[in-house]
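S.K.: Sequence first, predicted model second:
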Amino acid sequence: MLTKFNHVAIVVSDLKEASNKYKNVLGANVSKPFDYPEHGVSVVFVELSNTKIELMYPFGKESPIKKFLENNPNGAIHHICLEVKDLISTCKKLKKKNIRIIGDGEPKIGAHNKPVIFLHPKDFFGTLIELEQE
Ligand code: CO
């Protein structure tokens, strides 16, 4: 099922400060901030040659990461994203193995315009896993 590591997403308390820190302290290549109103997040991409880090901050009142930031006011790792070859068949296999998929259980178009699902962290040792169609 799994093919590649895609990204790790970190919720931060201040997007500009976090972006500057990765750039100025670690010498990282950082993108400008992007707003995704439909996903309720603003994101800065820290680009690395083999992967990327997504720095996320809540966008709007209904943001799905608002509560996470309230519970982790200093910021924290939110999820990791792994790629799979065939997300539809992966979904079916996971359901058979009683792995809970967050939401209605069907793939949704994620922030990178590819279908994604999120697996319940209680079914994966406390880590929220995003699976993305490669
Ligand atoms: Co993600």
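M.R.: Thanks, I have the structure now.
S.K.: what does this protein put close to the ion?
M.R.: Taking Cβ under 5 Å from the ion as the criterion, the chain approaches the ion at residues 9, 81, 130. Where C-beta positions appear, they are placed from N, C-alpha and C, glycine not excepted.
S.K.: Report the beta-bridge partner residues of the first one.
M.R.: Which is residue 9. residue 54, residue 79 (DSSP bridges).
S.K.: And the next helix or strand past the helix or strand bottoming out on mean pLDDT in the chain?
M.R.: Of all helical and strand segments in the chain, the minimum by mean pLDDT, DSSP states H and E falls on strand 108-109, at a mean of 92. Downstream of strand 108-109, the next assigned helix or strand under DSSP states H and E is strand 115-119.
S.K.: going on from that next one, what's the next piece of helix or strand?
M.R.: Following strand 115-119 in sequence, per DSSP H and E, is strand 129-133.
S.K.: Buried residues of that following strand, list them for me.
M.R.: Residues of strand 129-133 classed as buried by neighbour count (16 or more other Cβ atoms under 10 Å): 129, 130, 131, 132, 133.
S.K.: Alpha carbons of that strand, as PDB, please.
M.R.: Written as PDB, here are the backbone C-alpha positions of strand 129-133 (Å, rounded to 0.1, in the frame of the first residue of the first chain):
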ATOM      1  CA  ILE A 129      -2.100   9.700   9.400                       C
ATOM      2  CA  GLU A 130      -3.100  11.300   6.100                       C
ATOM      3  CA  LEU A 131      -3.000   8.900   3.200                       C
ATOM      4  CA  GLU A 132      -2.700  10.600  -0.200                       C
ATOM      5  CA  GLN A 133      -3.200   9.200  -3.700                       C
END
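S.K.: What is it packed up against?
M.R.: strand 2-11, strand 76-84, helix 87-96, strand 115-119 (3 or more Cβ pairs under 8 Å, 6 or more residues apart in numbering; DSSP states H and E).
S.K.: how distant is it from the center of its chain?
M.R.: In this view, strand 129-133 has its centroid 9 Å away from the chain centroid, taken as Cα atoms, centre = their mean, to the nearest Å.
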